[in-house]
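S.K.: The sequence and its predicted three-dimensional model are supplied below.
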Amino acid sequence: MRSNKGLVFLVIVLVFAFVPALTLAQFEVTENNNIYLTGTVELELNVTLVNLDDAPKYIMVNPRYQFEVIRENRTEFLHHNSTGASIIGNPAKTLLNYRPGFWIYPHEVLKIRFFINEVDKIPVPLYDYYQPQCTGYAYVEDHDLRINVPVGFYATPFCDVLYPQLLNNPIYLYPEALFNVKDFNVIMYSYEGTVKFKITHNTTLDLPTRDVFAVAPPILFPNAEIYGYSPSPTMDYSEYLEYVKSFWKLKAPKTLSPPSNSKGETVLYDITNDLLTSKFEISRVKDVKPVKIEYPIWIVWLGDNSTLEITYKFKWGINKG
């Protein structure tokens, strides 16, 4: 007769061999700005770690990141699903003190893939679009188009020239911020990855509306090489400042009208002379070395129920500084 202890042991082994459902806390809600735009980021990081010590180390992982350890048959991983549960592969190796992570063994060179995808994407707050007090806004009520009329002494027929306002600024991340390992024997040798920035225009107006605006990369890595922007940026930040200054100088508006066939579509502007204005000099305090902030800018028209997806790559290695 088979022992009951053996049966209980078999059940326990099977439970740990399959997926333990770890409930995730609700991620941040993605909120739109005042022109119905939302921004989100998906991120992938491929990291190489080296353990210089004679002892194994267990590296705890922020569960916001899914991960896959690149060794053996790739059974060590943490994945999230759309229901908010986590899928742990090989929990005997990827859970310690109930904390998700992985082991790096003595003198091991280990590669790990971290990623934040559509399931747990990170919201990117977009600034509200500033408008002069004399402007109203359109809305639909009982299937009728209406225009909100400002109250007060705003009787001028012209309000201003609308220009593509910059709705975000980059966050700068250093390797130390991403990989906060306090053990000096665990060295990050290199990393590379991809950022995917999605901007979605989605209203409830039931109108063929379009927005024009400017955006910047949501995340930049100062010590890393940034490359492979897709689609190509319209201009650099310094050129954007010059371009916007043309409106303050009351110059005629530049070529910002969308093509006639662009209804409901995404239109990206190439950098041309029509989008730039003349050079200007900024007064500076003497004997102070200016720090030039530079990053790409995209100027875009986005139709309703449309999404613009911007991707770019980055890489860093210990031999590159």
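M.R.: Noted; the coordinates are in hand.
S.K.: Buried ones in stretch 304-321, by neighbour count?
M.R.: Across stretch 304-321, burial judged by 16 or more other C-beta atoms under 10 Å covers 304, 306, 308, 310, 312, 313, 314, 315, 316. Backbone N, C-alpha and C define where each C-beta goes, glycine included.
S.K.: Can you give me the distance of the second one to residue 71?
M.R.: Between residue 306 and residue 71 the distance, using C-beta to C-beta, to the nearest Å, works out to 42 Å.
S.K.: Equivalent analysis for the fifth one, please.
M.R.: Spatial separation of residue 312 from residue 71 under the definition C-beta to C-beta is 29 Å.
S.K.: What of the first one?
M.R.: With the distance defined as C-beta to C-beta, residue 304 ends up 47 Å from residue 71.
S.K.: Helix, strand or coil: sort out residue 177 for me.
M.R.: helix (DSSP: H, G, I helix; E, B strand; the rest coil).
S.K.: Tell me how far it lies from residue 43.
M.R.: 13 Å.
S.K.: neighbour-wise, which of the two wins?
M.R.: A direct count of neighbours by other C-beta atoms under 10 Å for residue 177 and residue 43 places residue 43 higher, at 20 against 10.
S.K.: what packs against the host helix or strand of the more buried one?
M.R.: Under the criterion of DSSP states H and E, residue 43 resides in strand 37-51. Here strand 37-51 touches strand 109-116, strand 122-124, strand 186-201, strand 210-215, going by 3 or more C-beta pairs under 8 Å, 6 or more residues apart in numbering; DSSP states H and E.
S.K.: Show me what the second one pairs with in its sheet, parallel or antiparallel.
M.R.: According to DSSP bridges, strand 122-124 forms sheet pairs with strand 37-51 (antiparallel).
S.K.: Quick one: mean pLDDT for the partner strand?
M.R.: Across strand 37-51, the average pLDDT comes to 95.
S.K.: quick one on the thing from earlier: most packed of the helices and strands packed on strand 37-51?
M.R.: Comparing the helices and strands packed on strand 37-51 by mean neighbour count (mean count of other C-beta atoms under 10 Å), strand 210-215 ranks first with a mean of 21.
S.K.: Give me the distance between that strand and the centre of its chain.
M.R.: Centre-to-centre, strand 210-215 and its host chain are 17 Å apart (C-alpha atoms, centre = their mean, to the nearest Å).
S.K.: Then stretch 48-65?
M.R.: For stretch 48-65, the distance to the chain centre is 25 Å (C-alpha atoms, centre = their mean).
S.K.: Please apply the same query to stretch 200-210.
M.R.: Stretch 200-210 sits 23 Å away from the centroid of its parent chain (C-alpha atoms, centre = their mean).
S.K.: Just the mean pLDDT for that stretch, thanks.
M.R.: Across stretch 200-210, the average pLDDT comes to 84.
S.K.: and what of stretch 228-235?
M.R.: For stretch 228-235, the mean pLDDT works out to 96.
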